[in-house]
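K.L.:
predicted model follows, preceded by the sequence.
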Amino acid sequence: MPEFVGAVDQGTTSTRFMIFDHDGAEVAKYQLEHEQLLPKAGWVEHNPIEIWTVTAAVIQTTIQRAGLHAKDLAALGVTNQRETTVVWNRRTGRPYYNAIVWQDTRTDRIAAALEQNGRGEVIRDRTGLRPEAYFSGGKIQWILENVEGVRQDAERGEAVFGNTDTWTLWNLTGGVKGGVHITDVTNAARTMLMDLETLDWDDELLSFFGIPRRMLPEIRPSADPAMYGTTLPYGPVGGEVPISAILGDQQAATVGQVCFAPGEAKNTYGTGNFLLLNTGTDPVRSRSGLLTTPAYQFGDQPAVFALEGSIAVTGSAVQWLRDQLHVITSAEQSEALARQVDDSGGMYFVPAFSGLFAPYWRADARGVIVGLSRYNTDAHLARAALEAICYQSRDVVEAMQQDSGVVLDVLKVDGGVTSNDLCMQFQSDILGVPVSRPVVSETTALGAAYAAGLACGYWKDVSELRAHWAEDRRWEPRWSEDRREEAYAGWKKAVTRSFDWV
């Protein structure tokens, strides 16, 4: 049997390809960023052609630098930024428009209109989601209504939709020369178009958006022994390797953190933050501003569900300090700058650049910095940006406790921001519970690899995966309860200042 498993991790700001061994240890990786296109306030786009070019480059480079070949890989998994919407022509392979990114708010009016005539309740009941600009359905509708020729081509079956998992898979398996048009339950669930009970597209939901069913990919399990297809000899992998897993990035991180039992949770720190709590095979409906979503489905087993708290802007607030304000020259520098001060000097930064997601769901919110005085410096701003990541996570943890009754005794964390030790200490202080980072912090790619390896028999079961998980570092809370609650009360007050701007 081949020695390794590979994973494509197509993220919001970059794409990486990683190779893992049987112990779940990283063997090789390579990563490239892609451009963030911001044509108007609230609009966020990516170039799908650039995404595929970058994806092909990181795959090829990783394999070559590791001195490996296609025959060394037992399988590939794909994980991706969810909700980011691509519509392309299956005959030419050309996108009709840029990918509309999950952070984009242009479809606010489409989402608001869905609350009329009881449609919002239907969406909440069948999909576990709220009518929000965040999800793919409104983005598809916008493209159909605003890009010339798309609706006619969609009716003919030529214009097809996919989130970036489907776009990546289609290109990996041949594109216009027979590429497969497939997604999995975790990505399909992020469209407002899939029924959680049937795990299939729902015709009534499609009618709400005016989306032809033939545009949509086939929905398959997250890990499938039957495979989705194989890579091609002339493609970036350089040979035929089965592709046997697809997971949205946050569900992939849930698998990578081996949260396979009800009550187990993880928090991923990336462009945004995403906290998922495994609730078992029965969907739990949220009353506190969270989402109900499939966590994964392996083969013919029942789908496992999760409660999710989605936060739009966390790590990207640090990126904003770097790219727009030029306060820092690298994301890593934010920690050193924030360490120059003992606190944020009374400043709070609410980075509601795309409105506020869970648990507030305020599309009318915009970013605010409050509590300023002449005393404040760039170091206070850097610290406030890191603290905002952690305050927003506490908002979600509290909502999750209300919905599930589960009180966390430790928070498992992963993602790029977890390399910032100061931020993780803030998180422990603000939550009042220990924070635990695993040895392999890139659990999104690891989860996709795990799912692919389970599907092809590389790993026999999830107990084998549990044995691989190991803690790298743990942070214990240092703040007193009084300081914690006083600081959090200030945050809640600051959040209200971001409302009603749009």
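P.N.:
Cool, got the structure. Numbers count the residues shown, from 1 in each chain.
K.L.:
which residues of the stretch 201-350 of the chain fall in strands?
P.N.:
Along the stretch 201-350 of the chain, counting by DSSP state E, counting those that start in this stretch, strands occupy 218-220, 229-230, 242-248, 265-269, 273-280, 291-296, 304-311, 348-350.
K.L.:
quick one: strands adjacent to the first one?
P.N.:
When pairing is defined by DSSP bridges, strand 218-220 lines up against strand 182-184 (parallel).
K.L.:
what's the angle from the longest helix along the chain to strand 265-269?
P.N.:
Ranked by residue count and defined by DSSP state H, the top helix of the chain is helix 378-404. Orientation of helix 378-404 against strand 265-269 (axes from the mean of the first three to the mean of the last three CA atoms, to 10 degrees) gives an angle of 150 degrees.
K.L.:
where in the stretch 201-350 of the chain is pLDDT low?
P.N.:
The model of the stretch 201-350 of the chain has no residue with pLDDT under 70.
K.L.:
now do the helices in it.
P.N.:
Applying DSSP state H, counting those that start in this stretch to the stretch 201-350 of the chain gives helices spanning 203-209, 249-256, 315-323, 333-338.
K.L.:
let's have those in TSV, adding mean neighbour count.
P.N.:
(Each C-beta comes from the backbone N, C-alpha and C, glycine too.) Formatted as TSV, those follow (neighbours: other CB atoms under 10 Å):
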stretch	mean neighbour count
helix 203-209	16
helix 249-256	31
helix 315-323	20
helix 333-338	20
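K.L.:
phi, psi for Thr105 please.
P.N.:
Main-chain dihedrals, Thr105, degrees, to the nearest 10: phi -110, psi 10.
K.L.:
so what's it up against?
P.N.:
Gly42, Trp43, Ala133, Ser354, Gly355, Ala363 (CB atoms under 8 Å, 6 or more residues apart in numbering).
K.L.:
the second one: neighbour count?
P.N.:
Going back to what we said before, that points to Trp43. Using other CB atoms under 10 Å, Trp43 has 15 other residues around it.
K.L.:
show me where the stretch 351-500 of the chain has its helices.
P.N.:
Under DSSP H, counting those that start in this stretch, the stretch 351-500 of the chain gives helices at 378-404, 421-431, 443-456, 462-466, 481-496.
K.L.:
and among those helices, the most buried is which?
P.N.:
Highest mean neighbour count among those (mean count of other CB atoms under 10 Å): helix 443-456, with a mean of 30.
K.L.:
and the contacts of Thr105, which is closest to Lys177?
P.N.:
Nearest to Lys177 among the contacts of Thr105: Trp43, at 33.2 Å, using CB to CB.
K.L.:
correct me if wrong: the closest one contacts Thr107.
P.N.:
No. Between Trp43 and Thr107 no contact is recorded; they are 10.2 Å apart, counting by CB atoms under 8 Å.
K.L.:
circling back: could you dump the contacts of Thr105 to TSV with distance to Ala487 and pLDDT?
P.N.:
Shown next, in TSV, are these (distance: CB to CB, whole Å; pLDDT from 0 to 100):
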residue	distance to Ala487	pLDDT
Gly42	30	87
Trp43	34	94
Ala133	31	91
Ser354	25	82
Gly355	24	89
Ala363	27	86
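K.L.:
neighbour-wise, which one of the residues you listed leads?
P.N.:
Gly355 (26 neighbours).
K.L.:
can you tell me the closest non-neighbouring residue to it?
P.N.:
Nearest non-adjacent residue to Gly355, counting by CB to CB, 6 or more residues apart in numbering: Ala363, 4.2 Å away.
K.L.:
ok, that neighbour - contacts?
P.N.:
Thr105, Asp108, Ala111, Ala112, Glu132, Ala133, Gly355, Val502.
K.L.:
am I right that Gly137 sits in a helix?
P.N.:
Yes. Under DSSP: H, G, I helix; E, B strand; the rest coil, Gly137 falls within a helix.
K.L.:
now it, nearest residue through space, not along the chain?
P.N.:
Here the nearest residue to Gly137 in space, its sequence neighbours aside, is Met192; by CB to CB, 6+ apart that works out to 3.8 Å.
K.L.:
what of Glu33?
P.N.:
Setting aside the residues directly before and after it, Glu33 is nearest to Ser14 in space (CB to CB, 6+ apart), at 4.4 Å.
K.L.:
compute the first-to-last residue distance for stretch 215-223.
P.N.:
23 Å (CA to CA, to the nearest Å).
K.L.:
no wait, stretch 423-438
P.N.:
Stretch 423-438: ends 16 Å apart by CA to CA.
K.L.:
state the mean pLDDT of it.
P.N.:
Taken as a whole, stretch 423-438 has a mean pLDDT of 95.
K.L.:
chain center to it, what's the gap?
P.N.:
Put simply, stretch 423-438 sits 21 Å off its chain's centre (CA atoms, centre = their mean, to the nearest Å).
K.L.:
stretch 86-105 too?
P.N.:
That offset, for stretch 86-105, works out to 18 Å (CA atoms, centre = their mean).
K.L.:
list the buried residues of that stretch.
P.N.:
By 16 or more other CB atoms under 10 Å, the buried positions in stretch 86-105 come out as 86-90, 93, 95-105.
K.L.:
related to what we said a few turns ago, for the residue nearest to Gly137, what are its contacts?
P.N.:
Residues in contact with Met192, defined by CB under 8 Å, 6+ apart, are Ile123, Thr127, Leu129, Pro131, Phe135, Ser136, Gly137, Gly138, Leu205, Phe208, Phe209.
K.L.:
backbone dihedrals for it, both of them.
P.N.:
When read as degrees, to the nearest 10, the backbone of Met192 gives phi 70, psi 20.
K.L.:
Gln401 - nearest residue in space that isn't next to it in sequence?
P.N.:
Spatial nearest neighbour of Gln401, chain neighbours left out: Val407 (5.7 Å); criterion: CB to CB, 6+ apart.
K.L.:
alright, that wraps it up for me.
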